[in-house]
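Peer 1: what would the 3D arrangement of this be:
(one chain, ligands or ions: 1)
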Amino acid sequence: MPEPWWKSAVVYQIYPRSFADANGDGVGDLEGIRRHLDHLVWLGVDALWLSPFYRSPMADFGYDVADYCDVDPLFGTLEDFDRLVADAHQRGLKVLVDWVPNHSSDRHAWFEDARASRESDKRDWYVWVDGTPDAPPNNWKAAFSQVDPAWTWDEATGQWYLHLFLPEQPDLNWRNPAVVDAMHDTLRFCLDRGVDGFRMDVVHALVKREGFPDVDDPWLSTDRLDEHATHERIRGFRRLLDSYPGDRTSVGEVFILSTAKVAEYYGRGDELHMVFNFPPLYAKWEAAAWRKRIDRVVEEFDPIGAWPTWVLSNHDNPRHAGRYGTEGRARAAAVLLLTLRGTPFLYQGEELGLTDAVIPPERVVDPGGRDGTRAPIPWTGTPDHGWGPAEPWLPWPPDAETRNAESERVDPSSVLHLYRRLLAARHGSPALQLGTWAPRPSADGALAYERTLGDDRRAVVVNFTEAPVEMPVEGEWTIEVASDGAGEGDPYRGALGPDQALVLRPRF
Ligand code: NOJ
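Peer 2: Numbering: from 1, shown residues only. You can find the predicted model right below:
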C-alpha cells in the first residue's frame, strides 16, 4: 500500500493576519494568500495549514471562533476560501485548516444563548458551576495570565463558566453529546468543502476532570483533564475523517511536554494521524539536547507505528532564528528539521530566516505576548513591503529591506534558497521522505545520521557548534545540500565548518 500523502509532505503554516494583504487594510486575508501560492509552489512545500480565518471578535486573533462555518469579513468570504482551496489544489498543494474545538468565542450564538438563561437549551453546551462571586470553583488558572482564574462569574445567571484561555473563550462541554454532534458538523462543513485535514487546537484538553479538583500546577496540569474521555472523542473525529475519501488527515496540538504522553494521542492508529511534539521546540541548540529529544521520539513512537512531526517555529513561540541567535544556526536547524524522520511543519517566514519583530509597548495587541513572531511577512524591499498603503497591524520584522521574499529570491546564497534546495532534496529522495533513521558515530557537539529506504540512502551531518569538527561518515559521499551553500556537488571530506550542516548522498 502506498503511504498516505501527509507522511512525505512538508506542511507550511500560514497565519492569515500576517501572510499577505490583498485589500490593503493592513491585515492579511485569504485573497492575499491565494495570490502568493506561487511563492509556495516555487519553494516546494506540499501542504498549507491555515490558522483560523473564521468569524471572530479577535480577542485571541481568531482562536475565539464566533461561527465555525463562515469566514470573518476581515479575511474575505466563503467564496474566497473556496477559490483559495481550488487554486491550491490545482497547484498540487493540500490544505489543512485550524479547528478550535476546546472553546468558542463568547460571541458565538451558542454561548450567547447559553448565557441568556439557566433554562436555555444551550446552557449545558458550556461548563457552568454554582458558587458565589467571591470564590472561583477551584484553583485553575487561565492560560495567558497564569494568574487570573480560569472561571468567570456570570452576574445575570449567578454561575461560573470555565475558560482555560481568555474569558472571551468559554470552554465547550464535551460531555454533552449535542456538542459532539454540532462540532462534528463543523468538521463536515470543512470536509465537504474539500479540505484535506485539520490542525486541532488544544485537542488533549477537551474533557475536564469530573468534579473539577484543585491541582498542583493550576494552569498547565493534565490533572485538570479527563484524558480517557478525550481519547474517546478523538476516536470519533478519526472515524469521521476516515469516512471521507482521500486520506484526510489530522495533526493535534497536544500541549503536554512529555513525548510519552504525546504518543498516546496516536491511539492504536485510531486517533490523531499526527501530533505535535513540543519538547524539541523548547530544546537548546545543542547536539546532546537534540539527540535526547530525537531518541525519545524513536523510543515512544516507533514501537506503536506513530509518525513523528517536527516543528521549530509557530505563531505561539519566538522564532527559532532569534532563539538560536545566529543565521548560521538557523540554517543548520533547517537541515535538521527537514531531514529527520517525520513530517516537518514550517512557519511562514522561517524560509526567509526572519526573527521576531520588536514590539513597542504601544503596539502590543496580544494578551499572550506573541506579537513578535506574528509580524507581517515582507514580500518586497519597498517601504510597504508589498502590503499596500495602510500600516500593518503589527510592526515589520528586523531587516525587512533585505530580508524579504523578493530580495532573497534573486540571491542564491539566501536562506530562502537553502530551504528550496532542502525541499527539492527531500522530493528527490524517498529515504529522506519516508526512510528509516539511524544515528552514526558523531563528534562532540555534532550529530550524524543516515536515512534509508530500499536502495535510496542519505546521510546528514550537523555541527551544532561554532568550532569546526571532524566527523567522517563511513562510505563515500557527495555534498548534496550545504547549510551555507559551500561545496555542494563536492565529495564530503569528513569535516564540517562552524555551524555547518550537510545533506550527503552516496557518491556512487
Ligand atoms: C493554541 C493556539 O496555537 C494559540 O494561538 C491559542 O491562543 C490557544 N490554543 C487557544 O486557542
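
Peer 1: now the helices for the stretch 251-400 of the chain?
Peer 2: Along the stretch 251-400 of the chain, counting by DSSP state H, counting those that start in this stretch, helices occupy 259-264, 287-301, 320-324, 327-337.

Peer 1: and those helices: which comes nearest the ligand?
Peer 2: helix 259-264 (15.1 Å; C-beta to the nearest ligand atom). To be clear about C-beta, it is placed using only N, CA and C from the backbone, and glycine gets the same treatment.

Peer 1: show me which residues of the closest one are buried.
Peer 2: Across helix 259-264, burial judged by 16 or more other C-beta atoms under 10 Å covers 259, 261-264.

Peer 1: then stretch 202-220?
Peer 2: So for stretch 202-220, counting by 16+ other C-beta under 10 Å, buried means 202-209, 212, 215, 218-219.

Peer 1: is the ligand contacted by stretch 48-59?
Peer 2: No: Stretch 48-59 stays clear of the ligand (C-beta under 6 Å from any ligand atom), getting no nearer than 7.5 Å.

Peer 1: report the distance from that stretch to the chain centre.
Peer 2: 14 Å (C-alpha atoms, centre = their mean, to the nearest Å).

Peer 1: now the stretch 251-400 of the chain, which segments are flagged as low pLDDT?
Peer 2: Counting by pLDDT under 70, not a single residue of the stretch 251-400 of the chain qualifies.

Peer 1: check it for the residue nearest the ligand and tell me.
Peer 2: For the stretch 251-400 of the chain, C-beta to the nearest ligand atom, closest residue to the ligand: Asp316, 4.8 Å.

Peer 1: contacting residues around that residue?
Peer 2: Asp316 sits next to 368, 370, 373 when contact means C-beta atoms under 8 Å, 6 or more residues apart in numbering.

Peer 1: at 6 Å instead, please
Peer 2: By C-beta atoms under 6 Å, 6 or more residues apart in numbering, Asp316 lies in contact with Arg370.

Peer 1: any idea how far it is from Pro16?
Peer 2: Distance, Asp316 to Pro16, using C-beta to C-beta, to the nearest Å: 15 Å.

Peer 1: can you check Lys261 too?
Peer 2: 30 Å.

Peer 1: ok, now Asp134?
Peer 2: 41 Å.

Peer 1: in which helix or strand does Arg115 reside?
Peer 2: helix 109-116 (DSSP states H and E).

Peer 1: so which bits of that helix are buried?
Peer 2: For helix 109-116, by 16+ other C-beta under 10 Å, it's 110-111, 114-115.

Peer 1: all helices for the stretch 101-250 of the chain, in order.
Peer 2: Under DSSP H, counting those that start in this stretch, the stretch 101-250 of the chain gives helices at 109-116, 177-192, 227-242.

Peer 1: what mean pLDDT does the first one have?
Peer 2: For helix 109-116, mean pLDDT is 98.

Peer 1: how big is the angle separating that helix from helix 177-192?
Peer 2: Angle of helix 109-116 versus helix 177-192, following axes from the mean of the first three to the mean of the last three C-alpha atoms, to 10 degrees, is 160 degrees.

Peer 1: which strands and helices lie in contact with the helix holding Arg115?
Peer 2: On a contact count with 3 or more C-beta pairs under 6 Å, 6 or more residues apart in numbering; DSSP states H and E, helix 109-116 meets no helix or strand.

Peer 1: what sits up against it?
Peer 2: Contacts of helix 109-116 (C-beta under 6 Å, 6+ apart): 104, 120, 122-123, 125-126, 170.

Peer 1: can we see that at 8 Å?
Peer 2: In contact with helix 109-116 (C-beta under 8 Å, 6+ apart) are residues 66-67, 104-106, 120-126, 128, 154, 156-157, 161, 170, 172, 182.

Peer 1: and stretch 417-435, by the same measure?
Peer 2: 3, 7-8, 10, 42-45, 331, 334-335, 338-339, 341, 346, 350-351, 408-409, 411, 451-454, 456-458, 480-481, 483, 485, 488, 503, 505.

Peer 1: try stretch 237-256
Peer 2: By C-beta under 8 Å, 6+ apart, the list of residues contacting stretch 237-256 reads 4-6, 11, 49, 96, 184, 187-188, 191, 195-205, 220, 222, 234, 261-262, 265, 267, 270-276, 278, 309, 343, 345.

Peer 1: same deal with stretch 324-338?
Peer 2: 10, 285, 290, 310-312, 320-321, 344, 346, 350, 353, 415, 418-419, 422-423, 425-426, 432, 447, 460, 462-464, 466, 481, 483-484, 498-503.

Peer 1: kind regards, and thank you for your time.
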